[in-house]
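[1] give me a model of this one.
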Amino acid sequence: MQKIYLVSIGHGFPSNMIPNSFFESLGIDSSADWIQDRTGIESRYSVLDPDTIKKLHHKECTYLDILQNPPPGIRIQDLAVAPWEMLQKRRGVPCHPQVVLCGTSVPDWDIPANASSIANQLKLSSFCFDANSACSSFLTDLFIAKGLLASKSVSSAAIFNIERYSLRLDYTDRRSSCLFGDGAVAAYLDTTRPEKGFEVVDMEMHSDASGYESVKIPVGGTFNQNGPAVQKFAIKRTCESTESILIRNQLTIPQIQYFIGHQANLRMLQTTCSKLGVSAGQHLYNVDKFGNQGAAGGPIVLSQNWDRFQPGDYVVLTLVGSGLTWGSALLQFVG
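    Now for the predicted structure:
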């Protein structure tokens, strides 16, 4: 059976760091301590500067104003550059993917595919398309790319997950506006075993469409969710999927080196790890410093820890997204 490898990965963040204390200036009854205690999030990065966020808060502009006249560096294709450069530097040779996939919750385009704008920016001659399942999009894209490579239709693929939730938040809502941060990640898959990288050992994906309205960004609207219900669902499904993929591969939690979950908030992740029996040393996360980065969060954690991994290390990546969608990937580092 054809083996598939994640041979390199890279990430990047916009330059505007937004500390918890900023939300106190919005007058929405969100103190820095309240955010920290409730979510475990200390800061996040945004494509928007603080003055623009305040304008959105006071309804002096709209997200459509920004998307239709984007300032420099805010477009999806612009944010793809830093992750792609890091990915190629790590791999050591130029990458020429036959397929480019993009999964994002806040696209620049309805048509064409946002993957096409990325490929044009990076001067890639690739077949391009989008596949989105919100915060689980990296796994969705990986699942699709793995199938394409396994079928031998193509031999290489690049995945881009670029998130800018700050463009679609209601900054008068203290429940959600403090949760999100923006980020970008790129991953490269190949059928040739790399000198350093991950074998994609196994994957599973699931949906429960009866909950499709539980987490949403309506056309022309802002992010909305049933927070308590979604958090309970996310914890349950993360535990189920993580345990399922381990059982399928005759592994247990003590036999894996690392676990990465959806970076929704640190409190949710801590509860999940406690239920699974994942130790503090096994748990990799970045939500405390970068907020919920949507589809980019989990794979960015993988990228940030790239030099930590040793040959033989098992990593379970389990993500949950709107739809409702969830799934897991079992990865093993090779070198």
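
[2] so residue 202: helix, strand or coil?
    The three-state label given to residue 202 by DSSP: H, G, I helix; E, B strand; the rest coil is strand.

[3] now do the contacts for the closest residue to it other than its chain neighbours.
    Leaving aside its sequence neighbours, residue 202 sits nearest to residue 330 (Cβ to Cβ, 6 or more residues apart in numbering; 4.5 Å). Every residue, glycine included, has its C-beta placed from N, CA and C. Each residue near residue 330 by Cβ atoms under 8 Å, 6 or more residues apart in numbering is listed here: 200-203, 245-246, 249, 251, 314-316.

[4] got a winner among the residues you listed for most neighbours?
    residue 316 (27 neighbours; other Cβ atoms under 10 Å).

[5] beyond whichever strand or helix holds that residue, next helix or strand please.
    Assigned by DSSP states H and E, residue 316 falls within strand 314-321. Next helix or strand after strand 314-321 toward the C-terminus (DSSP H and E): strand 325-334.

[6] please state the offset of that next one from the chain centre?
    14 Å (Cα atoms, centre = their mean, to the nearest Å).

[7] can you check stretch 159-179 too?
    When distances are taken as Cα atoms, centre = their mean, stretch 159-179 is centred 13 Å away from the chain's centroid.

[8] for stretch 107-117, same thing?
    Remark: stretch 107-117 is offset 18 Å from the chain centroid, using Cα atoms, centre = their mean.

[9] tell me how far the ends of that stretch are from each other?
    End-to-end distance for stretch 107-117: 11 Å, by Cα to Cα, to the nearest Å.

[10] tell me which residues are up against that stretch.
    For stretch 107-117, the external contacting residues (Cβ under 8 Å, 6+ apart) are 67, 70, 75-77, 100-102, 104, 128-130, 132, 160, 162.

[11] again, only using 6 Å
    Residues outside stretch 107-117 that contact it (Cβ atoms under 6 Å, 6 or more residues apart in numbering): 75-77, 100-102, 128-130.

[12] any idea how far residue 327 is from residue 76?
    To residue 76, residue 327 is 24 Å away according to Cβ to Cβ, to the nearest Å.

[13] residue 102 - nearest residue in space that isn't next to it in sequence?
    Leaving aside its sequence neighbours, residue 102 sits nearest to residue 115 (Cβ to Cβ, 6+ apart; 3.8 Å).

[14] which SSE is the one you found in?
    Taking DSSP H and E as the definition, residue 115 sits inside helix 114-122.

[15] in that helix, what counts as buried?
    Buried residues in helix 114-122, counted by 16 or more other Cβ atoms under 10 Å: 114-119, 121-122.

[16] likewise for stretch 154-168?
    Burial within stretch 154-168, assessed by neighbour count using 16+ other Cβ under 10 Å, is assigned to 154, 156-168.

[17] among these, which ones are in strands?
    Using DSSP state E, the members of those that fall in strands are 156-163.

[18] for stretch 11-25, buried residues please.
    11-14, 16, 18, 20, 22-24.

[19] distance from it to the middle of the chain?
    Worked out by Cα atoms, centre = their mean, stretch 11-25 lies 18 Å from the chain centre.

[20] center of the protein, which residue is that?
    Compute the mean C-alpha point of the chain, and by Cα atoms, centre = their mean the closest residue is residue 296, 2.1 Å away.

[21] show me the contacts for the nearest residue in space to residue 197 that is not next to it in sequence.
    Once flanking residues are discounted, residue 197 sits nearest to residue 7: 4.1 Å by Cβ to Cβ, 6+ apart. By Cβ under 6 Å, 6+ apart, the contact set of residue 7 is 188, 190, 194, 197.

[22] quick one: which of the residues you listed sit in helices?
    Residues of those located in helices (DSSP state H): none.

[23] for ChimeraX, write the selection for the buried entries among the residues you listed.
    The buried residues among the contacts of residue 7 can be selected in ChimeraX (16+ other Cβ under 10 Å) with this line:
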select :188,190,194,197
